[in-house]
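**Student:** Take a look and give me a structure for this.
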Amino acid sequence: MIVRLSLSVVMLTAVALTGAVQAQTTPAAPYAAPDSYRDQRTLPDPADPNSRDALLRARGEAYHRASDHQQTEEELRTTRALNDEIAAQNVLADKADEAARLDYDAALARHQIEVRQTEEQARAAALATRAAQDQYDRDYAAWQEQVRLCRSGVRSACGTPAPLGR
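**Tutor:** Got it, this is the predicted structure:
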């Protein structure tokens, strides 16, 4: 009896745990967005016209190109006119791209010239500052020498001070 009771408790526990595990692994609600990574269908070959047409039809596209002998003269004229218009727009776009590239190149050249001029001005200012500092250091050293001579008793050194900063 005790064995049966323990066995039934173990069975009930197993059933309860199995239900809890199944509740955790149930699939997402049906209103969830489809996972595009799980869609592993093969894509149609873009070089194959039949598969390309099938893909277009699956998307809802109704257009397909008829061969030239199936088109009327008016359709061919319309197609040529549209192609000529597209070609003219492409030429205009190419010209606009070239003009924009030339504008960019000119702006880049102006910028590089300005950078070089600024660098040259900075170098010139640094050289002028260094030269002024060197002159000051020389004048200060001369003044210190004059003060040292004056303190050591050379009367001629005490008369006129050395010019500083000139």
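
**Student:** Would you check how far apart D48 and A54 are?
**Tutor:** Note on D48: its distance to A54, by C-beta to C-beta, to the nearest Å, is 9 Å. Where you see a C-beta, it was placed from the backbone N, CA and C, and this is true even at glycine.

**Student:** Past the longest helix seen in the chain, which element shows up next along the chain?
**Tutor:** When the chain is parsed with DSSP state H, its longest helix is helix 73-151. Toward the C-terminal end, the helix or strand that comes next after helix 73-151 (DSSP states H and E) is helix 156-159.

**Student:** which parts of that next one are buried?
**Tutor:** A157 (16 or more other C-beta atoms under 10 Å).

**Student:** Restrict it to CA atoms and write it as PDB.
**Tutor:** Taking C-alpha atoms only, helix 156-159 is exported to PDB below (Å, rounded to 0.1, in the frame of the first residue of the first chain):
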ATOM      1  CA  SER A 156      81.400 102.400 -15.800                       C
ATOM      2  CA  ALA A 157      78.900  99.500 -15.700                       C
ATOM      3  CA  CYS A 158      76.800 101.400 -13.200                       C
ATOM      4  CA  GLY A 159      76.100 104.500 -15.300                       C
END
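
**Student:** I would like the residues contacting it, please.
**Tutor:** Q146, L149, C150 (C-beta atoms under 8 Å, 6 or more residues apart in numbering).

**Student:** Please list all residues in contact with the last one.
**Tutor:** Each residue near C150 by C-beta under 8 Å, 6+ apart is listed here: A157, C158.

**Student:** how close does it get to A141?
**Tutor:** 15 Å.

**Student:** who's in contact with P46?
**Tutor:** If you count contacts by C-beta under 8 Å, 6+ apart, then P46 has R52 around it.

**Student:** mind checking the SS state of it?
**Tutor:** The assignment at P46 comes out as coil when based on DSSP: H, G, I helix; E, B strand; the rest coil.

**Student:** Quick check: what element follows the helix or strand of the chain with the lowest mean pLDDT along the chain?
**Tutor:** Least confident element among the helices and strands of the chain, by mean pLDDT, DSSP states H and E: helix 2-24 (a mean of 60). Beyond helix 2-24 on the C-terminal side, the first helix or strand identified by DSSP H and E is helix 49-59.
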